[in-house]
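Peer 1: no sequence for this one, just the structure:
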Ligand code: NDP
């Protein structure tokens with residue numbers, strides 16, 4: 001029987017909701033490109049309810065306990081994680097509240113065989129250590145890609161149109177139109193580029209196309225020529241080549257050795273003065289203090305996103321107080337809609353692993369001592 005350790009974010013400060021803003025979720029038939037939605041044998045939760053916090057348990061308890069397995073759920077990413085990890089077979093955690101599986105932790109977890117990311121982005125797991133110790137790493141590919149793409153769209157519009165400060169004027173009882181519009185522009189006609197055109201990056205490009213903008217991208221692999229033609233994309237061989245042309249840059253690449261620290265002083269200095277930078281990928285792709293400096297000097301006109309390091313961000317993290325930002329806590333990929341998909345996908349991965357059937361290739365990041373599946377395509381390791 002397996003011991004499954006699930007590290008989730010805390011319940012809302014007011015307690016688990018008794019009712020929800022909406023009664024149902026839209027029904028989706030599949031993901032863009034044809035990948036199917038998660039296919040567990042069943043689910044023990046109501047889609048649209050809070051599943052990603054401790055009391056939601058990703059809806060896994062009835063299924064696991066009925067089969068005799070043990071489920072431990074905690075929000076404690078330190079003492080309880082360390083104690084329970086010692087004999088856990090499976091660890092589940094979400095990028096929004098990552099259980100950092102460092103090399104030391106993986107070395108000390110004598111039974112650990114599977115680390116599941118209930119979401120997308122497994123950089124909180126030391127992939128080199130997972131490879132060395134034969135730990136399989138899997139994530140629920142595509143579960144929240146569109147959720148994040150929508151957050152990127154919202155962030156671009158919020159920054160360029162100066163939405164958040166203008167909303168604050170209303171909250172404060174004021175009517176300072178000139179103060180609001182003195183930093184407000186139209187997105188139409190702008191040059192907008194994405195670093196990476198994978199599932200999220202491509203979804204962002206598709207959503208931007210009708211805005212009458214000029215689209216740019218860089219990626220390790222070029223998109224099919226018909227997609228480039230359809231969306232009018234300008235391909236650049238590197239971020240360094242792309243960013244000087246852009247009014248808005250959105251980062252949609254995984255954090256791995258190639259992308260860590262990419263947006264430092266040097267690259268930001270080559271951007272147009274007054275460019276906007278949106279990062280919903282991973283905080284450490286941007287240099288924390290370089291971003292602050294660029295906002296203070298005016299080199300960047302705005303920065304938004306939802307990813308921080310570490311998470312949760314400390315109260316004195318400079319991104320909370322830097323000028324012209326549109327940051328949120330790490331929420332873009334954890335809408336109630338996304339939670340239903342990643343809870344179902346987590347169960348699908350567990351069902352596969354517990355019955356010894358192969359985990360879908362598109363969910364795999366590391367398997368059998370090497371990068372695998374989606375991981376082999378999108379990640380790199382230092383070994
Ligand atoms: P995908 O795997 O579909 O796409 C990632 C893309 O990044 C691939 O096209 C890959 O290229 C490209 N890439 C990798 N390295 C580089 C590089 N050095 N330069 C340019 N492109 C690169 O992932 P998603 O689009 O679904 O997600 C992307 C990232 O977004 C995740 O890894 C995660 O970190 C983050 N994310 C954030 C969420 C949030 O809640 N804020 C939720 C979900 C994801 P190729 O495959 O062609 O080699």
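Peer 2: Nice, I can see it. If you're wondering where the values come from, they're calculated on a predicted model, not measured in any experiment.
Peer 1: pull up the residues of this structure that are close to the ligand.
Peer 2: Applying C-beta under 6 Å from any ligand atom, we find that the chain lies next to the ligand at 95, 119-121, 144-145, 148, 195-201, 218-221, 252-255, 258-259, 280-282, 306-307, 330, 332-333, 374, 377-378. Bear in mind the C-beta positions are built from the backbone N, C-alpha and C, glycine included.
Peer 1: and these, which are buried?
Peer 2: 95, 119-121, 144-145, 148, 195-201, 218-219, 252-255, 259, 280-282, 306-307, 330, 332-333, 374, 378 (16 or more other C-beta atoms under 10 Å).
Peer 1: just the residues of the chain next to the ligand: which are in helices?
Peer 2: Using DSSP state H, the members of the residues of the chain next to the ligand that fall in helices are 145, 148, 199, 200, 201, 374, 377, 378.
Peer 1: which two among these are spaced furthest apart?
Peer 2: Spatial extent of these (C-beta to C-beta) is set by the pair 148 and 377 at 18.2 Å.
Peer 1: let me see the ranges of the helices in the stretch 151-300 of the chain.
Peer 2: 163-171, 177-181, 199-208, 225-231, 239-242, 265-269, 288-297 (DSSP state H, counting those that start in this stretch).
Peer 1: give me the residue from this protein nearest the ligand.
Peer 2: residue 198 (1.8 Å; C-beta to the nearest ligand atom).
Peer 1: thinking that residue is in contact with residue 219, fair?
Peer 2: Yes - with contact defined as C-beta atoms under 8 Å, residue 198 reaches residue 219; the gap is 7.3 Å.
Peer 1: count of neighbours near the nearest residue to residue 36 once chain neighbours are set aside?
Peer 2: The shortest distance from residue 36 to any non-neighbouring residue, by C-beta to C-beta, 6 or more residues apart in numbering, is to residue 30 (5.6 Å). Applying other C-beta atoms under 10 Å, we find 10 other residues in the vicinity of residue 30.
Peer 1: likewise residue 336?
Peer 2: 18.
Peer 1: next, the contact list for it, please.
Peer 2: Contacts for residue 336 (C-beta atoms under 8 Å, 6 or more residues apart in numbering) come out as 20, 25, 48, 49, 50.
Peer 1: next one: residue 152
Peer 2: Residue 152 sits next to 200, 204, 250, 252, 278, 280, 332 when contact means C-beta under 8 Å, 6+ apart.
Peer 1: of those, which belong to strands?
Peer 2: 250, 278 (DSSP state E).
Peer 1: and of the contacts of residue 152, the nearest to residue 295?
Peer 2: For those, the nearest to residue 295 is residue 278 (13.2 Å; C-beta to C-beta).
Peer 1: excluding its backbone neighbours, what's nearest that closest one?
Peer 2: That would be residue 250: by C-beta to C-beta, 6+ apart, it lies 4.3 Å from residue 278.
Peer 1: residue 105 too?
Peer 2: Closest residue to residue 105 apart from its sequence neighbours, by C-beta to C-beta, 6+ apart: residue 85 at 6.1 Å.
Peer 1: quick one: the one you found and residue 5 touch, right?
Peer 2: Yes - using C-beta under 8 Å, residue 85 is in contact with residue 5, at 6.3 Å.
Peer 1: neighbour count winner among these two?
Peer 2: Neighbours were tallied for residue 85 and for residue 5 using other C-beta under 10 Å; the higher tally belongs to residue 5 (26 against 22).
Peer 1: what pairs with the one helix or strand that one maps to, and is each one parallel or antiparallel?
Peer 2: Using DSSP states H and E, the element containing residue 5 is strand 3-7. Using DSSP bridges, strand 3-7 pairs in its sheet with strand 70-74 (parallel), strand 90-93 (parallel).
Peer 1: chain center to that strand, what's the gap?
Peer 2: Remark: strand 3-7 is offset 21 Å from the chain centroid, using C-alpha atoms, centre = their mean, to the nearest Å.
Peer 1: rewinding a little: which one of the helices of the stretch 151-300 of the chain lies nearest to residue 337?
Peer 2: helix 199-208 (14.2 Å).
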